[in-house]
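1. the sequence and its predicted three-dimensional model are supplied below.
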Amino acid sequence: MGLRLHTNVSAVTSLRHLNISDRLQKSSLKRLSSGDAIAEDSNDPSGLVISEKLRAQIGSLQQARENSEHASHLISTADEALGEICDLLTTIRGSLVFALNTGGASEDQLRAEQDAVDNAILSIDRIAASTRFGKSNLLNGSSAIRVTDKSSAISDLSVRSVAMNRADERTFEIDIAAAAERAAIVAQLDTATGTAAGDQIIRITGAIGSKDVLVNDGVTTQDMMEAINAVRENTGVYATLASGTLGSPAAGDAILLQSDEYGADQEAMMDVIQGDSLYAAPEADGTPEHLAVGDTVRDTGADLQAGMRGMKLSARGNDIIIKNDQLNARITLADGTGPADGPVQFTVADSGFTFQLHIGTAERDSVTVGLDGVAGAFLGMAERTRGGTGTGTSYEAVAIGGYVSSIRSGGANDLATNPGNGVRIVDAAINDISEYRSFLGSFQSSTIESNMNSLNIAFQNLAASESDVRDLDYARESAEFARRRINVEAGTSVLASANLISQNVLSLLA
């Protein structure tokens with residue numbers, strides 16, 4: 001063994017090992033004091049990359065949860081206001097029913113009821129104008145999904161939600177396969193004379209109900225039309241000349257009994273209770289056939305047939321209901337709209353409320369919802385013609401519908417002028433509000449709340465994964481620290497001994 005004075009290799013070796021032990025001890029102390037398994041980038045470079053990505057996802061999930069809670073509170077605010085409006089509409093309907101009771105209502109009572117209706121409509125308008133969430137108006141129409149363009153065949157359109165796919169506008173196209181139809185029966189009295197031979201009793205049945213009609217001996221086709229139209233409010237069926245022309249029918253002219261509305265749930269039925277002067281058949285069958293007592297002729301209407309992108313759409317009469325992941329809308333087409341008028345199109349702009357419910361930028365990570373205006377000027381249904389082809393005859397067209405604002409004092413449908421149509425308007429408004437609340441409720445429970453549950457589960461699992469990578473296992477690290485502290489103490493002692501080795505040279509020089 002050689003002894004050297006200038007270089008103590010043993011001491012250098014001991015120092016190197018002591019430095020390593022000291023560095024490991026300092027790193028362990030840093031982890032123990034911070035609680036992080038990755039206190040420095042060098043501790044676990046690949047784990048650092050994974051944990052930072054997990055942290056970004058966790059932070060985004062927290063924000064998505066807050067977004068969902070925000071959306072839920074907004075929807076709840078709108079729903080509570082809509083519930084109050086529905087109560088007011090119910091009160092208005094009660095006043096309209098009171099006005100229909102002309103046998104027992106005095107003018108003073110009617111005026112008092114009208115005052116109550118006026119105040120209720122003012123309250124509806126006030127709720128619509130003042131319902132806000134933060135600085136956002138919810139029910140005055142400014143938060144609705146805006147339709148920028150639509151085909152002339154579309155008479156009414158309400159879009160409740162749409163997937164905009166980050167676009168400023170989106171156009172939808174609907175193909176029309178078949179037009180909606182009314183239920184229709186062609187009928188006539190004795191083909192030679194056009195008059196009834198003996199008393200005739202026929203039972204007319206429609207979507208509303210049934211009513212027996214007496215056609216006296218010798219009456220004309222005109223008289224029969226008037227008798228049928230006199231009970232149209234009880235049956236939902238009206239009569240007009242089959243030719244579609246106006247004026248008094250000639251002997252042998254046929255009449256057309258039609259349902260007031262379009263759709264497969266509409267019917268027109270004629271039962272012969274008494275008499276043998278009647279001829280009738282469904283319009284589609286052509287020439288009327290002689291009817292005996294007990295015979296029945298019946299026809300039903302048909303719903304519009306339409307599709308979008310190869311998918312069949314649900315329709316009722318001329319109303320199309322679209323509910324899918326791209327669009328939730330209700331569309332009403334003009335009467336008689338058929339294949340020759342299609343396809344029909346409409347364009348919606350990026351408007352309403354867009355809720356970012358997840359952490360990505362894909363179309364399904366967000367949803368756009370519109371909140372329609374519910375002031376009295378918006379609630380009800382568009383005025384339209386029910387039955388008939390013109391005016392000035394017993395089978396003239398009747399204008400029905402309108403909006404709640406028309407039930408105010410002096411309006412076309414106030415309690416003194418037209419309470420019957422007012423009831424229809426309020427029923428349509430209540431139906432709209434109920435469907436509106438149903439949509440918001442299902443959106444809140446099926447979309448927002450289920451999304452929050454999903455986010456909570458994802459947050460829990462990602463947080464657990466991030467903890468596995470990033471959080472320190474104190475039991476393991478404490479054991480490691482104890483071992484490294486012993487290494488440092490032992491290394492220090494060994495270095496002290498190694499430093500004394502060079503002194504052995506002095507014994508050779510003594």
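-> Nice, thanks for sending it over. Model, not experiment: these values are computed from the prediction.

2. could you use CA atoms for every contact and neighbour count after this?
-> Noted.

3. dihedrals phi and psi, the nearest residue to residue 276 once chain neighbours are set aside?
-> Nearest residue to residue 276, sequence neighbours excluded (C-alpha to C-alpha, 6 or more residues apart in numbering): residue 292, at 5.5 Å. Per-residue torsions, residue 292: phi -100, psi 170 (degrees, to the nearest 10).

4. same question for the one 5 residues further on.
-> Its backbone dihedrals place residue 297 at phi -120, psi 130, with angles given as degrees, to the nearest 10.

5. let me see the contact set for the closest residue to residue 162 other than its chain neighbours.
-> Excluding the flanking residues, the one nearest residue 162 by C-alpha to C-alpha, 6+ apart is residue 327, at 4.5 Å. Counting by C-alpha atoms under 8 Å, 6 or more residues apart in numbering, residue 327 makes contact with 159-163.

6. ok, so of those residues, who is nearest residue 297?
-> Ranked by distance to residue 297 (C-alpha to C-alpha), the contacts of residue 327 are led by residue 159 at 40.5 Å.

7. is that closest one located within a strand, as I assumed?
-> Yes. Counting by DSSP: H, G, I helix; E, B strand; the rest coil, residue 159 is part of a strand.

8. now it, nearest residue through space, not along the chain?
-> residue 329 is the one closest to residue 159 (C-alpha to C-alpha, 6+ apart), at 4.3 Å.

9. got the contacts of residue 327 as JSON lines, with pLDDT columns?
-> Converted to JSON lines, the contacts of residue 327 look like this (pLDDT from 0 to 100):
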{"residue": "159", "pLDDT": "91"}
{"residue": "160", "pLDDT": "91"}
{"residue": "161", "pLDDT": "91"}
{"residue": "162", "pLDDT": "90"}
{"residue": "163", "pLDDT": "87"}
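
10. nearest to residue 239, of those?
-> residue 159 (36.2 Å).

11. what comes into contact with the helix or strand encompassing residue 116?
-> Using DSSP states H and E, residue 116 maps to helix 107-130. The contact list for helix 107-130, computed with C-alpha under 8 Å, 6+ apart, reads 81, 85, 88-89, 91-92, 95, 99, 137-140, 373-376, 404-405, 407-409, 414-416.

12. for the helix or strand following that helix, packing partners?
-> Using DSSP H and E, the helix or strand that follows helix 107-130 towards the C-terminus is strand 132-133. Under the contact definition 3 or more C-alpha pairs under 8 Å, 6 or more residues apart in numbering; DSSP states H and E, strand 132-133 sits against helix 45-100.

13. and the helices in the stretch 101-250 of the chain?
-> 107-130, 221-230, 232-235 (DSSP state H, counting those that start in this stretch).

14. give me the mean pLDDT for the shortest one.
-> Put plainly, it is helix 232-235. Helix 232-235 carries an average pLDDT of 88.

15. what of stretch 268-288?
-> In this model, stretch 268-288 carries a mean pLDDT of 85.

16. any chance you could list what contacts that stretch?
-> In contact with stretch 268-288 (C-alpha under 8 Å, 6+ apart) are residues 183-190, 195-207, 237, 256-259, 289-300.

17. rewinding a little: got the angle for the helix holding residue 116 vs helix 45-100?
-> Angle of helix 107-130 versus helix 45-100, following axes from the mean of the first three to the mean of the last three C-alpha atoms, to 10 degrees, is 170 degrees.

18. of all the residues in helix 107-130, which ones are buried?
-> The neighbour-count check on helix 107-130 (16 or more other C-alpha atoms under 10 Å) flags 110, 113-114, 116-118, 120-125, 127-129 as buried.

19. do the same with stretch 199-206
-> 200-206.

20. next, count neighbours for residue 99.
-> 26 (other C-alpha atoms under 10 Å).

21. sorry, that was for residue 504
-> 12.

22. in which helix or strand does it reside?
-> helix 504-509.

23. what average pLDDT does that helix get?
-> Per-residue pLDDT values across helix 504-509 average out to 71.

24. what about the closest residue to residue 316 other than its chain neighbours, neighbour count?
-> Spatial nearest neighbour of residue 316, excluding adjacent residues (C-alpha to C-alpha, 6+ apart): residue 303 at 5.3 Å. Neighbours of residue 303 under the rule other C-alpha under 10 Å: 22.
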